[in-house]
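Have a look; sequence and predicted model below, questions after that.
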Amino acid sequence: MWKLIILLTAAIILAAIFFVPPVRGLGELAKIIFFHVPTAWVSVVGFFTSAFFAAKFLRAGEMKFDELSARAARLGFIFVLLATASGAVFSKLTWGAYWNWDPRQTTIFVLILIYGAYLTLRAAVSDEKARAKVSAVYSLLSVLTVPFLVFILPRMYFSLHPTPVINSAGRLEMDAEILAVLLAAVLDATLIFWRLMKEKN
Amino acid sequence: MNKIYLESVSLSFGHRELFKNLTLEFPAGKTFGVVGANGSGKSTLLKLAAKILKPDAGEVKFHGAKTVAAVTPELKIYDTLTAAENLNFFAQLRGKAVDVSEIGRRVGLDFETELRAGDFSTGMRQRLKFAILLGVDADIWILDEPTSNLDGTGREIFLREIRGGARGGKIILLATNDAADLEVCDEVIELPAGGGDF
Amino acid sequence: MKLSSFLQAAAIFRKDFLVGLRRRAAFAAMAMFALTTIASLSLALGGAFVEPKLLAALLWVVIFFAASAGISGTFEDEAAAGTLSTLKLYAARQAILFGKMFFTLASLGALTIFLLPVFLILFDAEIARLGIFSATVLLGLVGISAAGTLTAALTVSASAKGGLFPILLFPVTLPIFLPAISLTEAAFTGAEFSAEFLAAMIFYDAILVTAASILFDFLD
């Protein structure tokens, strides 16, 4: 599995450097989106994965689900930090400021807060069973913010963020080759996340 | 008939296995004494039987009986409320109207007092806990060291009410370190030291 | 909720009220926290004009942190006193949750009534639309009470509770604060407000109350 991931990662890096044309007006640094989009995607995947296993834990009461929920959150936290940092760089490049509370930035910031709160809660509870329960409950409670972040927030603040690759209009506003590399990168990041989830302790 | 039924119940704390495949039956109208050394699991057995604690395996079932009331060292009353307020609050939770002065007479406690439970002596507090037990009128009585901290009259009152409860068809479990309490028990269960199966 | 559970919740509300009156610590902490925050903000700004949007945000920041100071002990106080297990033995779980939730809402309501005049005087502000203002505050407090009561139950078994509570509460109440701040701003200026935000708050409150009710059953 790791071999495949390393190969794919290497191929994506090479493709991003040599194959994809430099973005007009933005230069080579704009290629950070090949890092930003996949990490942002995995931060969201990790969030839902953690909540999924939290729900499984509450239903079945088996500690392995708690372990998986915690691991998804720990991985998600790392990815969300990477996504935020790379996003800020891209933001500086395109909008002239690292941070301006764009709805997307707000969303990802809330995600950082939730991941951080979840991991702090885990650190603060020493009893294993109690920790598993309270963190599972918090994980599910925090999922409730998602519809708000997705539907309500963008109505409140004007966004400069590029529309998602596959947007509501069903149009692809991207060169085919950039899109191909981007999708490969997203797949790659998801594989990395999946592989790390299966890692033995 | 009302009874509590423990069906192959197992429970361990960490690596300490307290009960393994324990099957027991507690029918109504009898008082069961539970004795054993410290750490043998007396209080834990009571909590399992009252469904306060969930077993790791097996099941605890109530047949007929529905409600539980308990006098244990861990279950505290409200220090900021008076005796009457405490009694009325717990009775309200169980939807019971209580005759405060009648229960006061039975347990030998003055419910007219403005004193808050926090200012009570340990013995008075124990009597108040017992008054609550009588006030909520539950089917199952869980009594953990109920006569500790009580003077001679207090102990007599308790033992008398326990006998009365058994006659009234309650399921009564009494954990104690005091052999004198066993005179009200119809059956005595002795737990081996350090837990394990028995 | 069954009728018996409703009566239990009412009994718990009354009991908490009585205990709260006698041990004023929680409410005093909440009120003094609010007062201190308002005073420090007002002093720092030194009477300078504060834009309505900022004013609305400040109000909700004060409410959030004062609420955190006051309601983090909802379950912890009883757990420390040893009465929480007794309460759990004698009352239904949902009754405990809703009794505590309504009591939290009442305390926060009292807090807001106390801090609001101080806030308006110190910042020299006026409320142009009292109706929308009251509705916003009420909806906001309902959401904070629902999420706060569940969060207070989560932190009972945790160490370092004081700092933990606001950390846990903030992300889940953020969906309340943003529309609340917009609506409060409109209430200050008298400008048109968006009914969408009001609907969003009602919707999110309903989600929080339902979730608290479902999730509370999974806790010990």
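Here it is on my side, so go on. Numbering: from 1, shown residues only, chains lettered A, B, ... in the order given.

the bottom helix or strand of chain A by mean pLDDT?
Every helix and strand of chain A was ranked by mean pLDDT, DSSP states H and E. The lowest is helix A:153-156, at a mean of 69.

Export the helix or strand that that helix is followed by to PDB, keeping only CA atoms.
Tracing the chain past helix A:153-156, the next element assigned as helix or strand by DSSP states H and E is helix A:176-198. Extracted in PDB, the C-alpha atoms of helix A:176-198 (Å, rounded to 0.1, in the frame of the first residue of the first chain):
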ATOM      1  CA  ALA A 176      -8.700  19.200 -18.000                       C
ATOM      2  CA  GLU A 177      -5.000  18.500 -17.200                       C
ATOM      3  CA  ILE A 178      -5.100  20.600 -14.000                       C
ATOM      4  CA  LEU A 179      -8.300  18.800 -13.000                       C
ATOM      5  CA  ALA A 180      -6.800  15.400 -13.600                       C
ATOM      6  CA  VAL A 181      -3.800  16.100 -11.500                       C
ATOM      7  CA  LEU A 182      -6.000  17.600  -8.800                       C
ATOM      8  CA  LEU A 183      -8.300  14.600  -8.700                       C
ATOM      9  CA  ALA A 184      -5.300  12.300  -8.500                       C
ATOM     10  CA  ALA A 185      -3.900  14.400  -5.600                       C
ATOM     11  CA  VAL A 186      -7.200  14.100  -3.800                       C
ATOM     12  CA  LEU A 187      -7.200  10.400  -4.300                       C
ATOM     13  CA  ASP A 188      -3.700  10.200  -3.100                       C
ATOM     14  CA  ALA A 189      -4.400  12.100   0.100                       C
ATOM     15  CA  THR A 190      -7.500  10.000   0.800                       C
ATOM     16  CA  LEU A 191      -5.400   6.900   0.400                       C
ATOM     17  CA  ILE A 192      -2.800   8.200   2.800                       C
ATOM     18  CA  PHE A 193      -5.500   8.900   5.300                       C
ATOM     19  CA  TRP A 194      -7.100   5.500   4.800                       C
ATOM     20  CA  ARG A 195      -3.700   3.800   5.100                       C
ATOM     21  CA  LEU A 196      -2.900   5.600   8.400                       C
ATOM     22  CA  MET A 197      -6.300   4.700   9.700                       C
ATOM     23  CA  LYS A 198      -5.400   1.000   9.300                       C
END
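
Where is the longest helix in chain A?
In chain A, assigned by DSSP state H, the helix with the most residues is helix A:63-95.

helices or strands up against that helix?
Contacts defined by 3 or more C-beta pairs under 8 Å, 6 or more residues apart in numbering or on different chains; DSSP states H and E place helix A:63-95 against helix A:33-60, helix A:103-124, helix A:128-143, helix A:176-198. Using the backbone N, CA and C atoms, a C-beta is placed for each residue, glycine as well.

Neighbours of residue A:198, how many?
A count of nearby residues for residue A:198, using other C-beta atoms under 10 Å in any protein chain shown, gives 9.

Flag every residue of chain B that's near chain C.
With C-beta under 8 Å from any C-beta of the partner chain as the criterion, chain B comes near chain C at residues B:50, B:52, B:68-70, B:74-81, B:85, B:89-90, B:92-95, B:116, B:136.

Of these, which belong to helices?
Among the residues of chain B next to chain C, the members found in helices (DSSP H) are B:85, B:89, B:90, B:92, B:93, B:136.

which residue is nearest the centroid of chain A?
By C-alpha atoms, centre = their mean, the mean C-alpha position of chain A lies nearest to residue A:43, the distance being 2.0 Å.

mind checking how far the closest residue to it other than its chain neighbours is from chain B?
Leaving out its chain neighbours, the residue that sits closest to residue A:43 by C-beta to C-beta, 6 or more residues apart in numbering or on different chains is residue A:80, at 3.8 Å. Residue A:80 sits 35 Å away from chain B, going by C-beta to the nearest C-beta, to the nearest Å.

And for residue C:53?
According to C-beta to the nearest C-beta, residue C:53 and chain B sit 43 Å apart.

Can you tell me the SS state at that residue?
In three-state terms, and counting by DSSP: H, G, I helix; E, B strand; the rest coil, residue C:53 is helix.

Looks like it contacts residue C:181 (just checking).
Yes. Using C-beta atoms under 8 Å, residue C:53 is in contact with residue C:181, at 7.5 Å.

Between those two, tell me which one has more neighbours.
A count of neighbours by other C-beta under 10 Å puts residue C:181 above the other of residue C:53 and residue C:181, at 23 against 15.

From the contact counts, what lies against the lowest-mean-pLDDT helix or strand in chain C?
Within chain C, no helix or strand scores below helix C:25-45, which has a mean of 88 by mean pLDDT, DSSP H and E. Applying 3+ C-beta pairs under 8 Å, 6+ apart, one finds that helix C:25-45 makes contact with helix C:52-71, helix C:93-122.

shouldn't residue B:163 be in contact with residue B:183?
No. Between residue B:163 and residue B:183 there is no contact under C-beta under 8 Å: 9.5 Å.

More neighbours: the two, which one.
Using other C-beta under 10 Å as the criterion, residue B:163 and residue B:183 rank with residue B:163 on top: 14 against 9.

any weak-confidence spans in the chain?
Using chain A here. Filtered on pLDDT under 70, chain A yields the residue ranges A:23-26, A:152, A:155-160, A:162-174, A:200-201.

ah, I was thinking of chain B
For chain B (pLDDT under 70), the answer is B:194-198.

so the longest helix of chain A versus helix A:176-198, what angle?
150 degrees (axes from the mean of the first three to the mean of the last three C-alpha atoms, to 10 degrees).

tell me the SS of residue B:112?
Here residue B:112 is recorded as coil under three-state DSSP.

what sits up against stretch C:121-137?
C:38-39, C:42, C:45, C:47, C:50, C:52, C:55, C:58, C:112, C:119-120, C:180, C:183-184, C:186-190, C:193, C:198, C:201 (C-beta atoms under 8 Å, 6 or more residues apart in numbering or on different chains).

Give the rounded mean pLDDT of it.
Average pLDDT, stretch C:121-137: 93.

hmm, which of the residues of chain B next to chain C are the buried ones?
Neighbour counting by 16 or more other C-beta atoms under 10 Å in any protein chain shown classes B:50, B:52, B:68-70, B:75-81, B:85, B:89-90, B:92-94, B:116, B:136 among these as buried.

what sits against the residue of chain A most remote from its centre?
Centroid-distance maximum for chain A: residue A:127 at 29.7 Å, with C-alpha atoms, centre = their mean. Residues in contact with residue A:127, defined by C-beta under 8 Å, 6+ apart, are residue C:157.

From the chain's centroid, how far away is stretch B:180-189?
Relative to its chain's centre, stretch B:180-189 lies at 14 Å (C-alpha atoms, centre = their mean, to the nearest Å).

quick one: residue B:138 and residue B:94 touch, right?
Yes. Assessed by C-beta under 8 Å, residue B:138 is found in contact with residue B:94 at 7.2 Å.

intersection of neighbour lists for these two?
Common neighbours of residue B:138 and residue B:94 (criterion: C-beta under 8 Å, 6+ apart): residue B:67.

all strands for chain B, in order.
Counting by DSSP state E, chain B has these strands, from start to end: B:3-13, B:16-27, B:31-36, B:57-63, B:68-71, B:140-144, B:171-175, B:187-191.

and those strands as a markdown table, adding distance to residue C:162?
Output for these, formatted as a markdown table (distance: least, C-beta to C-beta, whole Å):
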| stretch | distance to residue C:162 |
| --- | --- |
| strand B:3-13 | 29 |
| strand B:16-27 | 33 |
| strand B:31-36 | 40 |
| strand B:57-63 | 38 |
| strand B:68-71 | 32 |
| strand B:140-144 | 33 |
| strand B:171-175 | 37 |
| strand B:187-191 | 41 |
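
Turn those strands into JSON lines, columns for distance to chain A.
Listed next are the strands of chain B as JSON lines, based on distance: least, C-beta to the nearest C-beta, whole Å:
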{"stretch": "strand B:3-13", "distance to chain A": "11"}
{"stretch": "strand B:16-27", "distance to chain A": "15"}
{"stretch": "strand B:31-36", "distance to chain A": "25"}
{"stretch": "strand B:57-63", "distance to chain A": "12"}
{"stretch": "strand B:68-71", "distance to chain A": "22"}
{"stretch": "strand B:140-144", "distance to chain A": "22"}
{"stretch": "strand B:171-175", "distance to chain A": "24"}
{"stretch": "strand B:187-191", "distance to chain A": "24"}
